[in-house]
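> Sequence and predicted structure are below.
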Amino acid sequence: MGALLVDEFLAWARERGAPHAVVTAFAANESAQRFYERQGFASHTVTLRTRL
């Protein structure tokens, strides 16, 4: 089901001329990262933070 939703969204975005799509997954959510990688997404940036 999730892959179908991603495919439909990407098709919709392409039809509207979007240059790329971005998703966010928490670093600890490895299964989400693997899911999006299977859908063709790749790491682009890493965000780091610290508690104040």
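Arrived safely, thanks for sending.

> how about residue 48, secondary structure?
coil (DSSP: H, G, I helix; E, B strand; the rest coil).

> ok, now how distant is the residue nearest the centre of the chain from residue 52?
Closest residue to the average C-alpha location of the chain: residue 23 at 2.9 Å, with CA atoms, centre = their mean. Residue 23 sits 27 Å away from residue 52, going by CB to CB, to the nearest Å. From N, CA and C alone the C-beta is placed, and that goes for glycine too.

> Kindly report the same for residue 6.
35 Å.

> again with residue 21
Residue 21 is 32 Å from residue 52, where distance means CB to CB.

> Which one's more surrounded, the two?
Between residue 21 and residue 52, counted using other CB atoms under 10 Å, the more crowded position is residue 21 (15 against 3).

> Phi, psi for that one please.
Backbone geometry at residue 21, expressed as degrees, to the nearest 10, gives phi -120, psi 150.

> What of residue 33?
Dihedral pair for residue 33: phi -60, psi -40, per degrees, to the nearest 10.

> Next up, the contacts around it.
Contacts for residue 33 (CB atoms under 8 Å, 6 or more residues apart in numbering) come out as residue 25.

> on that earlier part again, which one is the residue nearest to the centre of the chain nearest to, not counting chain neighbours?
Counting by CB to CB, 6 or more residues apart in numbering, residue 23 lies nearest to residue 36, which is 5.3 Å off, once chain neighbours are set aside.

> Read off the pLDDT value for that neighbour.
Predicted confidence (pLDDT) for residue 36: 97.

> now swap in the one 10 residues further on and tell me
Model confidence at residue 46, given as pLDDT, is 92.

> so how far is residue 27 from it?
8 Å.

> Thanks a lot, see you next time.
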